[in-house]
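Asks: No sequence on hand, only this structure:
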């Protein structure tokens, strides 16, 4: 059961952030509406939401998941892999210190929280353009001290591991076609997202309800087969900035 979510308000400079999506210029007022609906959805599921102010000079800072990995035992503050985002993690230190003991990823390690998926006591760590082997090793050591087993997996497609693989409960993962059948995931049941709906692989299970991006009917039908409540959320503007449902909050 998750009780708390930390979010950061998108700043007016958000369109200056990093993106490879090629989906056009995002709209700030529409993003604010979508971000508000996202926060309200989390609150409706029993989470106390903590909304931080925009971080001037860091247009991607509302993607707060990338700057920390939070488990019941501690919060691990990351060292972002993109130079333009290096520094976003520092204001999160006092925020997380109110909730958990702190640890940090140190140079030369890099780690983005979007590359970390924790399922039970297994922590999958994607090796990507943002997360290197040293960062993954540091995270593994920190988590192993609390009984977690870390497994690295190469991210050959997509920005982050969780762009392509998310948990939808129990022993079931929602995966893009690029990750279907990967040996590292062989212990899990897999629901494979069709190539044309790959963005919907980034879906968020929260307190028994699945939050999934609107506009992906084939994925929705597959998720309906799980028999859980589903909430559709419009993420069109975050998508233009390579963002999705998991990356806009830290949940614990």
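Replies: On my side now, so go ahead. Since we're looking at a predicted model, the values are computed, not measured.
Asks: Skip the chain neighbours and tell me the closest residue to residue 119.
Replies: Residue nearest to residue 119 in three dimensions, not counting chain neighbours: residue 167, with 5.0 Å by Cβ to Cβ, 6 or more residues apart in numbering. For the C-beta atoms, the positions are set from N, CA and C on the backbone; glycine is no exception.
Asks: what pLDDT does residue 21 get?
Replies: The model reports residue 21 with a pLDDT of 89.
Asks: what's the distance between it and residue 50?
Replies: Note on residue 21: its distance to residue 50, by Cβ to Cβ, to the nearest Å, is 28 Å.
Asks: what do you get for residue 214?
Replies: Taken as Cβ to Cβ, the span from residue 214 to residue 50 is 25 Å.
Asks: Show me which parts of stretch 88-107 are buried, residue by residue.
Replies: With burial defined by 16 or more other Cβ atoms under 10 Å, the residues of stretch 88-107 counted as buried are 88, 89, 92, 95, 96, 99, 100, 103, 104, 105.
Asks: Which ones among these lie within helices?
Replies: 92, 95, 96 (DSSP state H).
Asks: avg pLDDT for the helix ranked longest in the chain?
Replies: For the chain, the longest helix by residue count, based on DSSP H, is helix 28-44. Across helix 28-44, the average pLDDT comes to 98.
Asks: packing partners for whichever helix or strand comes after that helix?
Replies: Using DSSP states H and E, the helix or strand that directly follows helix 28-44 along the chain is strand 48-52. In terms of contacts (3 or more Cβ pairs under 8 Å, 6 or more residues apart in numbering; DSSP states H and E), strand 48-52 is packed against strand 4-8, helix 28-44.
Asks: So for residue 74, which of these sits nearest?
Replies: strand 4-8 (14.7 Å; Cβ to Cβ).
Asks: And the closest one, how far out from the chain middle?
Replies: 12 Å (Cα atoms, centre = their mean, to the nearest Å).
Asks: just stretch 27-42 next, same as before
Replies: 16 Å.
Asks: Need the contact partners of it.
Replies: 5, 7, 9-10, 12, 14-15, 49, 51, 62, 206, 211, 231, 233-238, 245, 248-249, 251 (Cβ atoms under 8 Å, 6 or more residues apart in numbering).
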